[in-house]
Structure formats: C-alpha cells, structure tokens
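[1] Let me see the structure of the following:
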Amino acid sequence: MQRLENLFMNHYKKIIIIPILLLVFSLVVFVIQAQKGSILTKDISLQGGTSVTITSEQGVNIDELQESLENSFPNSDILVRELADVTTGKKIGILIEATNIKNEELQPFLEKHFETKFTSDSYSVEEIGASLSASFFKELRLAMIFSFLFMSIVVFITFRKIVPSLTVILTALTDILVTLAIVSIMHLRISTAGIAAFLLLIGYSIDTDILLTTKVLKRTESSLFARIYSSMKTGLTMTITAIAAVTVGLFSNSVVLQQIFTIILIGLIVDVISTYLGNAPALIWYCKKKNIQ
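    Okay, the predicted model is just below:
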C-alpha cells in the first residue's frame, strides 16, 4: 500500500497521461474510420436491409454460403450466422442479413443454393427500410446525447464545484469514446441492442466516478490517499464482480446478448483505467491546489 500511495501522491501528473493518450487514440480512430465512411459498423436494424431466417437442423457450411452470396451480390453488405437454441445449444437454422437486396432477389438464389423450395414454415423474411433505420438511429443518438446531458446536470448539482464535476464528466466521456473506438476497430456490427449497451455504460461509468469523488471531497475524516484507496477497493470490487458476470454471459448462444456483454466488458475495463488513472490523479491535483487534506 505504501508503494501505491507513493505512486499516486508523487506521480499523479504522469499517471493522468495514460487516459489522455487513450482519448487521443480514440479520436484518431474516429478520424480514420470517418474517412472510410462511418465510425460504426451498423447492422440492418440501423441501416436497413433484408433479414432472412431459414429453419433447419441440418448442418450448413456458413463460410461457403457467405462467399457465394458475396460473389453474387457484390454491392451488398452480407452477414451469415448460425442460430442455436438458447438453452440446449442445438442448431435450429441460419440467419442471413443483407443490405441493398430485396427478398425477390435473395429467395430464388437461396432456393437454388439449397436445392429446395422454401415454405412459410421454413423461411421467414423481414425487410427494414433505409429511411426507417436512419430515423431510428437518429433517435438513439439523441437518446444518448440527452442521457449524457442530464447526467452532467446531476453531477454539477451534486458537487457544485466546476473542476471535480468536469473531471467526472470527462472521465465518463473517455470511457464511452474509447470503448466506441475499440468496437469500431473490431468491426462489431452494432444493433439497437448495442446502443442500449452504451447507455448502460454511461450509468456505470458515472457510478464509479461519483463514488470516488464523493469520498474524496465530502468525507475528510481520513487522509486523501486513504479516501482514494477506500473508494478504489469498493469500486474495483463492484467492477470485478460485473466483469465476472459479463464474461459468463459472453458464452450465451444469443447474438444480441453477446454483443451487449462484449460492449459492457470493454467499457468496464476502460472504466477502471479512466477512473483510477484519470479521475483519481485529477482529484489529487485539485485537492493539492485547494489544500484539501
């Protein structure tokens, strides 16, 4: 503990460089990805397209079908994946998501590929218009912006001090932006569930930062580092517990749950860095300036 105290109390200005570099890294990623078209890889729920579900317990060569579809529809973004029962793991069919293709083109191709005539029992299709998806994505972005805005207002009301409040907000923003950059690099196809995961992440990020800031500024019965250390023990216990639960969830057969848990897992790891290597050193800096012991 003595070495940790020495590290934080004497080298806090150096420690805070780490989350700053991560933030710069995320901004660079956004610039590069924006030049390619979009910082996010969206699925058809957010950009429109056709979703086909084929019910079958027979094994299907997913890679071969994916390649065949991409060769036949080069202007479409296509994803093929197996479907399995959530409880038993038994294969129950395949899901095909494709942009810029109508079912009138896709179904004949699939019937020829599988050498069968699909019926309503084995073949279902859902078409999502591009304008509807764009509108939905816009509303989700507004939801994230307003949630962050209202969260910022609550933080300012809680602490009523500009620097600690800004530190909490910037730390949470770093968590979201760095997670978003990593997801962008992974080319993870973001659905509406993925956006919901980011909304959950905003709440969790603020939770650990408010815990830390409250203990440091409002509970002065012990030394500055002792208050930070106490907050770290509580916050890391919460985070490690959450990481354990999320890691188990990654083995789910549900693609939606896998996406949610992947985003939250990345965000939890980034939150540890941004909170305890960013917010904590910033609070030490502030307290030393204000002579808060």
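[2] so where is the stretch 1-150 of the chain shaky, pLDDT-wise?
    86-87, 89, 130-133 (pLDDT under 70).
[3] what about the strands in it?
    Assigned by DSSP state E, counting those that start in this stretch, the strands in the stretch 1-150 of the chain fall at 41-42, 49-55, 78-84, 91-98, 123-128.
[4] Out of those, which is closest to residue 287?
    Residue 287 lies closest to strand 41-42 among the strands of the stretch 1-150 of the chain, at 42.4 Å (CB to CB). C-beta coordinates here come from the backbone N, C-alpha and C atoms, glycine included.
[5] Provide the strand pairings for that closest one, with the direction of each partner.
    Here strand 41-42 is paired, per DSSP bridges, with strand 189-190 (parallel).
[6] So which residues make contact with the strand it pairs with?
    By CB atoms under 8 Å, 6 or more residues apart in numbering, the list of residues contacting strand 189-190 from outside reads 40-43, 46, 79, 183, 259.
[7] counting contacts, what elements does the helix or strand following that strand pack onto?
    Using DSSP states H and E, the next helix or strand after strand 189-190 towards the C-terminus is helix 192-218. Secondary-structure packing of helix 192-218 (3 or more CB pairs under 8 Å, 6 or more residues apart in numbering; DSSP states H and E): helix 44-47, helix 130-159, helix 162-186, helix 224-249, helix 255-274, helix 280-289.
[8] Mean neighbour count and distance to residue 217 added to these, as a markdown table?
    Formatted as a markdown table, the helices and strands packed on helix 192-218 follow (neighbours: other CB atoms under 10 Å; distance: least, CB to CB, whole Å):
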| stretch | mean neighbour count | distance to residue 217 |
| --- | --- | --- |
| helix 44-47 | 22 | 40 |
| helix 130-159 | 14 | 7 |
| helix 162-186 | 21 | 6 |
| helix 224-249 | 16 | 9 |
| helix 255-274 | 21 | 19 |
| helix 280-289 | 19 | 8 |
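[9] Reformat the ones you listed into JSON lines and put distance to residue 71 next to each item.
    Compiled in JSON lines, the helices and strands packed on helix 192-218 are given as follows (distance: least, CB to CB, whole Å):
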{"stretch": "helix 44-47", "distance to residue 71": "20"}
{"stretch": "helix 130-159", "distance to residue 71": "24"}
{"stretch": "helix 162-186", "distance to residue 71": "25"}
{"stretch": "helix 224-249", "distance to residue 71": "36"}
{"stretch": "helix 255-274", "distance to residue 71": "24"}
{"stretch": "helix 280-289", "distance to residue 71": "53"}
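[10] Give me the distance between the residue nearest to the spatial centre of the chain and residue 94.
    Residue closest to the mean C-alpha point of the chain, counted by CA atoms, centre = their mean, is residue 263 at 3.2 Å. Using CB to CB, to the nearest Å, residue 263 is found at 24 Å from residue 94.
[11] Could you do residue 288 as well?
    60 Å.
[12] Equivalent analysis for residue 80, please.
    Applying CB to CB, the value for residue 80 to residue 94 is 6 Å.
[13] overlap in contacts of these two?
    Common neighbours of residue 80 and residue 94, counting by CB under 8 Å, 6+ apart, are 62, 65.
[14] Pick the one among the contacts of strand 189-190 closest to residue 57.
    Out of the contacts of strand 189-190, the member with the shortest distance to residue 57 (by CB to CB) is residue 79, at 21.3 Å.
[15] Thanks again, I'm all set now.
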